[in-house]
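Peer 1: Model the following, please.
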Amino acid sequence: MRIYDISMPLRAGMPCYTGNAPYRRVVEKAIANGDSANGSRIEFGAHSGTHVDAPWHFERDGYPVDRIPLEHLVGPARVVQVSRPDCVDRADLEALDWRGVERVLLKTRNSEHWKSGGLFEAKYVYLSGPGARFLAERSLKLVGIDSLGVEQYGSKDHPAHHALLRAGITLLEGLCLADAPPGDYELFCGPLLVEGGDGGPARALLVDRR
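Peer 2: Residues are numbered from 1 along each chain as shown. Prediction:
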């Protein structure tokens with residue numbers, strides 16, 4: 001059995017989507033300074049690093065992150081490699097075998113960018129509206145992608161978010177899939193249980209039992 005941690009570390013200077021609150025950790029107690037324990041305070045946006053989007057993020061009548069069905073977050077998942085340099089489009093997805101797929105994680109050149117320590121840049125690989133609508137038609141439980149935002153940077157109408165979230169699909173963004181080969185795994189994903197939240201940072205693990 002092999003376990004892949006596909007999460008982005010929360011750290012100072014980490015990649016941050018434009019306009020989102022940056023990560024900050026403040027040390028409040030330190031044994032080295034004579035305190036009885038080490039203690040700190042952390043500050044970050046709900047969509048920092050690897051995170052889950054709840055329907056409430058974009059839909060007026062959507063449910064919040066603490067009501068995401070747990071069966072969406074745990075279970076069989078397929079990692080698929082998409083080599084297209086600009087976006088994941090419908091044609092890229094139609095060429096794949098979707099039999100038995102409940103959760104899909106889209107691996108693109110973004111993952112190598114994160115692995116190399118790269119900062120946020122606007123020309124990331126995103127999921128197109130037609131691609132998202134194709135996935136919505138598959139009745140999936142979860143769609144993951146290795147970009148901090150599933151939409152094309154600067155999108156005004158957010159077609160990918162709306163297509164997926166309106167279909168009841170949980171969206172997992174900010175994955176680091178560089179070390180996880182394409183194939184079938186078990187996904188374990190735990191977003192923070194933020195009551196009424198529009199999203200939450202998550203730890204995501206892939207288990208390969210082959």
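Peer 1: make it CA atoms for all contacts and neighbour counts henceforth
Peer 2: Will do.
Peer 1: Now do the most centrally placed residue in the chain against Pro69, distance only.
Peer 2: When C-alpha atoms, centre = their mean is applied to the chain, the residue found nearest the centroid is Glu173 (1.8 Å). Distance from Glu173 to Pro69, counting by C-alpha to C-alpha, to the nearest Å: 17 Å.
Peer 1: The chain: strands as residue ranges?
Peer 2: 2-5, 24-29, 39-43, 51-53, 74-81, 87-88, 103-107, 126-127, 142-145, 170-173, 183-191, 199-208 (DSSP state E).
Peer 1: Just give the number of residues close to Glu102.
Peer 2: Residues near Glu102, counting by other C-alpha atoms under 10 Å, number 17.
Peer 1: Can you tell me the closest non-neighbouring residue to Ala20?
Peer 2: Careful, residue 20 is Asn; it's not Ala. Using C-alpha to C-alpha, 6 or more residues apart in numbering and skipping the chain neighbours, the partner closest in space to Asn20 is Gly45 (6.2 Å).
Peer 1: And the residue lying closest to Leu105 once chain neighbours are set aside, how far from Cys176?
Peer 2: What sits nearest to Leu105 in space, not counting adjacent residues and going by C-alpha to C-alpha, 6+ apart, is Gly144, at 4.3 Å. Separation of Gly144 from Cys176 (C-alpha to C-alpha): 10 Å.
Peer 1: who has more neighbours, these two?
Peer 2: With neighbours defined as other C-alpha under 10 Å, Gly144 and Cys176 compare such that Cys176 has more, 27 against 23.
Peer 1: So for the residue sitting furthest away from the middle of the chain, what's the pLDDT?
Peer 2: Using C-alpha atoms, centre = their mean, the residue of the chain lying farthest from its centre is Gly34. It sits 39.7 Å away. The model reports Gly34 with a pLDDT of 98.
Peer 1: for it, what are its contacts?
Peer 2: Gly34 sits next to no residue when contact means C-alpha atoms under 8 Å, 6 or more residues apart in numbering.
Peer 1: Kindly provide the distance from it to Arg41.
Peer 2: 18 Å.
Peer 1: Same question for Ala21.
Peer 2: To Arg41, Ala21 is 15 Å away according to C-alpha to C-alpha.
Peer 1: So between those two, which is more surrounded?
Peer 2: Using other C-alpha under 10 Å, the more surrounded residue of Ala21 and Arg41 is Ala21, with 14 against 10.
Peer 1: neighbours of the closest residue to the more buried one other than its chain neighbours, just the number please.
Peer 2: Distances taken as C-alpha to C-alpha, 6+ apart put Gly45 closest to Ala21, at 5.0 Å, once the chain neighbours are dropped. Neighbours of Gly45 under the rule other C-alpha under 10 Å: 16.
Peer 1: Gly45 contacts Pro22, correct?
Peer 2: Yes. In this structure Gly45 lies within contact range of Pro22 using C-alpha atoms under 8 Å: 6.8 Å.
Peer 1: Spit out the residues that contact these two alike.
Peer 2: By C-alpha under 8 Å, 6+ apart, no residue touches both Gly45 and Pro22.
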